[in-house]
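Enquirer: starting from these lines, generate the structure:
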Amino acid sequence: MNGIRHDMSQFYPLKAAFEQILGKRTYRKLKETATLSDWKVETKKLLKAIELSHIETVKVADAEFYKEAKQILELGVRHIRSAEDISELFANLSATLTRVVFLQIGYIPAHDRVELIPLTKKNWNLACVRSVQYLQSSEQKETAKLIEDRKNEAH
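Expert: Okay, the predicted model is just below:
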């Protein structure tokens, strides 16, 4: 068995995230009768959306960032394609997204040769390779306010 039940509540938080990011059609596809193949298709779309978002949104970055991001996402797609059940697919997705998050913060730490890395500030400042800045223009602030107002109206 591939671990998927035909139950809307199974994996609901991820289904809701897919809906938020990829739209209602994706949610309807996954909500109750999705197969492993359906999950693979939508998960690969998610990774493609992340790749496109890097290209279209990250305006100032070194070439190595784009290269590393592309490599991580391509590896993720290969792992998702080879998943034989839903738990393997989710593990592959989680690993890919974890690597993407750390790359976006600065770089992916390589602590695999150390027994334990304490969660202290000095061990987790990832600005030694690149640093990240989040800037917001006046126009972007206005857009953010409009988006927030629309969310509030919907609830």
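Enquirer: closest to the centroid, which residue in the protein?
Expert: Leu97 (4.5 Å; Cα atoms, centre = their mean).
Enquirer: low-confidence ranges in this structure?
Expert: Judged against pLDDT under 70, the low-scoring parts of the chain cover residues 1.
Enquirer: quick one on the thing from earlier: how about residues contacting the strand or helix carrying the residue nearest to the centre of the chain?
Expert: Here Leu97 sits within helix 86-105, counting by DSSP states H and E. Counting contacts by Cβ atoms under 8 Å, 6 or more residues apart in numbering, the residues outside helix 86-105 that touch it are 2-4, 11, 14, 36, 39-40, 43, 46-47, 50, 65, 68-69, 72-73, 75-76, 79-80, 83, 108-109, 126, 132. Bear in mind the C-beta positions are built from the backbone N, C-alpha and C, glycine included.
Enquirer: how about it as CSV, C-alpha atoms only?
Expert: Only the C-alpha atoms of helix 86-105 are listed here, as CSV (Å, rounded to 0.1, in the frame of the first residue of the first chain):
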residue,chain,number,x,y,z
ILE,A,86,3.7,8.8,0.1
SER,A,87,6.0,8.8,3.1
GLU,A,88,9.0,8.6,0.9
LEU,A,89,7.7,11.4,-1.3
PHE,A,90,7.1,13.6,1.8
ALA,A,91,10.5,12.8,3.2
ASN,A,92,12.1,13.8,-0.1
LEU,A,93,10.0,17.0,-0.3
SER,A,94,10.9,17.9,3.3
ALA,A,95,14.6,17.3,2.7
THR,A,96,14.5,19.5,-0.5
LEU,A,97,12.6,22.3,1.2
THR,A,98,14.9,22.2,4.3
ARG,A,99,17.9,22.7,2.0
VAL,A,100,16.2,25.5,0.1
VAL,A,101,15.4,27.3,3.3
PHE,A,102,19.0,27.2,4.6
LEU,A,103,20.3,28.2,1.2
GLN,A,104,18.0,31.2,1.2
ILE,A,105,19.2,32.2,4.6
